[in-house]
Structure formats: structure tokens, C-alpha cells
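# pasted the sequence and its predicted model underneath.
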Amino acid sequence: MRQKIKMIAFDCDGTLLNDKKEMTAHTRNVLLRAMEQGIEVLPATGRPLTGVPKEVTALPGIRYALTSNGARIVDLKEQKVIYESTMPIHTAKQILDLFSQYDTYREVFIDGVGYSMASELEKAEEYVILPSMARYLKECRIGVQDLYEKLEKEKKQVDKVHALFKNISEKEKAFLQIKEIPNITATGAMENNIEVNALGVNKGIGLLKLGELLGIKREEIMACGDGMNDLEMIREAGLGVAMANAVQEVKDAADFVTDSNEKDGVAKAIEMFALV
């Protein structure tokens, strides 16, 4: 007899959302059915809170959001942070210094909000493959003249530092260099990006922490993802589901490989394993 699923977490880009960055009507209906059964459903994303699609957070029954790869978990109903693991400003500056050596689009997430260089945000199309990704960045990020000045002005710990590289070989070189910075965790969701969090931060740890707070066991958690920043979540969940479009490492770690994000893969997995 299969274990009853009490929590379902899903990545957004390349997982819940199709390549147009949209949630289909079918997927929406399946999520609603899951919540009607009392299942806790939530996004588990590398995005900052302000970047999580409103069509997701506005669904009746969505209460929690795991954001910035698990650096910040938010109770949407109470509008408060229930868990966070952030990095100091001086570490964020070190990371920005390293990214500045290459042709990159750079951003920092502070207190659930994404900030990027206004000059780089204007040409976001040069750093992404899908036009929908550039549109998402321009809609959800706040452009500033200087990220270093923004860090000093805010005087707050940083959720995540992120960069998109125009050149893949430069990204690979930077990824090796970034590991020399102490007390950080580095991963990525796309071929040309690097996402940096505080040491020990990942979606898997965040998901188990939320489960602990809600009294939900590991084996009662289902997680869906596609990129390397989903790997630990897929490994830690009682039922790890990889998308057909996932990177091979995620597929290898998963308990099940569903259809792609273009074919309602998340909805199909929920229907198969969670709905009664």
C-alpha cells in the first residue's frame, strides 16, 4: 500500500510552468483537487517571493512558499517569514566581485525581493534563451544603479546572489572559483546560471524543515523538479518526481520520471500518486 501524500512541492520554471511561463488550466485544476483533499501544496523555487507567479500564490489553499532555494520560507496567509538562512553582506559582495569578472547579468535577493543592475536588466534578452524568461525578469526585478550601494543601503542579510552568463565556458570557470568562497552553497537551474546561497541552504533541507513545522513526515512529501537546484529536494522527499525535461542527475535521483513541463507533467504525477 502506497504512503499517503500530505505535502506536494513543485519547482516553477521548467516544472509547474510551461515554456511560456504559464500554468495550464488542467494543472491548476489538479492542484485545487489536491488541496481539497487536505494536501499542503506549495511552490519550492529559486525565485524570490516577489517573483513567484501570482496565479500560483493566489490559488485558494496555497499557504506557504519556499523561495530562494530554501533560504526563505514564507507563510503567505500570515505574511511572515517562518524560516530563513541568509548570507552576510560581505559574502554577497565577494560573489558579485567574482561575477563581475565575466559578461554576466547579476542580481541579489534581499528580504524576498529581487534587485538587479538596471543596465543589465535592460538587455536581459542577451542572457536567456526563452523570451518568456527575459519578460519575467523585467516584470519581477527592481533595477538599481549599483548593487553594492543597494546592499549597503538595505543593511540586511542576503537570501541569494544569482548570475546569468553569456558564455558557458566562463560560467564553468566561475563555478570552480565560487567554491573557494567560504560558507556558501552554489548550484544552478539552467545551463548558463549560478545561484549562490548561504552554506547548507537547499530546497531539500527547506522542505524537510517545513514538514517538521507542520508535522508532516519525509515519506509523506512529494517533490517535483527539473534542474540542479532541485536535486536535493528530489533526493530528500519521500517521493521525488523528475520532469521528462529534467537534467540527467535529477532523473537519476528521482523515484519517478513524469511527462515534461510542456505536457502537464506535474499534474499527471499528482493524479497518479496523490489524488484519490
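Received, thanks. Residues are numbered from 1 along each chain as shown.
# in this structure residue 13 contacts residue 21, no?
Yes - Residue 13 lies in contact with residue 21 (Cβ atoms under 8 Å); the separation is 7.3 Å. For the C-beta atoms, the positions are set from N, CA and C on the backbone; glycine is no exception.
# so what sits against both of those two?
residue 133 (Cβ atoms under 8 Å, 6 or more residues apart in numbering).
# of those two, who's got more company?
When residue 13 and residue 21 are compared for neighbours, residue 13 comes out ahead with 25 against 16, by other Cβ atoms under 10 Å.
# that one and residue 90, how far apart?
30 Å (Cβ to Cβ, to the nearest Å).
# ok, residue 137 next?
Distance from residue 137 to residue 90, by Cβ to Cβ: 26 Å.
# equivalent analysis for residue 219, please.
Relative to residue 90, and taking Cβ to Cβ, residue 219 is found at 40 Å.
# can you give me the helices in the stretch 101-250 of the chain?
Ranges of helices in the stretch 101-250 of the chain, per DSSP state H, counting those that start in this stretch, are 118-121, 131-140, 147-154, 168-178, 203-214, 231-236, 248-253.
# which of those helices sits closest to residue 260?
Closest to residue 260 of these, according to Cβ to Cβ: helix 248-253, at 11.8 Å.
# quick one: average confidence on that closest one?
Averaging pLDDT along helix 248-253 yields 98.
# need the contact list for residue 92.
108, 151, 158, 161 are the contacts of residue 92 under Cβ under 8 Å, 6+ apart.
# isn't there a strand covering it?
No - looking at residue 92 with DSSP: H, G, I helix; E, B strand; the rest coil, it is helix, so not inside a strand.
# what's around the nearest residue in space to it that is not next to it in sequence, how many residues?
Nearest non-adjacent residue to residue 92, counting by Cβ to Cβ, 6 or more residues apart in numbering: residue 158, 4.2 Å away. As a burial measure, residue 158 scores 25 neighbours (other Cβ under 10 Å).
# same check on residue 218?
Counted with other Cβ under 10 Å, residue 218 comes out at 16.
# so it sits against residue 211, correct?
Yes - with contact defined as Cβ under 8 Å, residue 218 counts as touching residue 211 (6.6 Å).
# the more surrounded of residue 219 and residue 90?
Counted by other Cβ under 10 Å, residue 219 and residue 90 do not tie: residue 219 has more neighbours, with 14 against 8.
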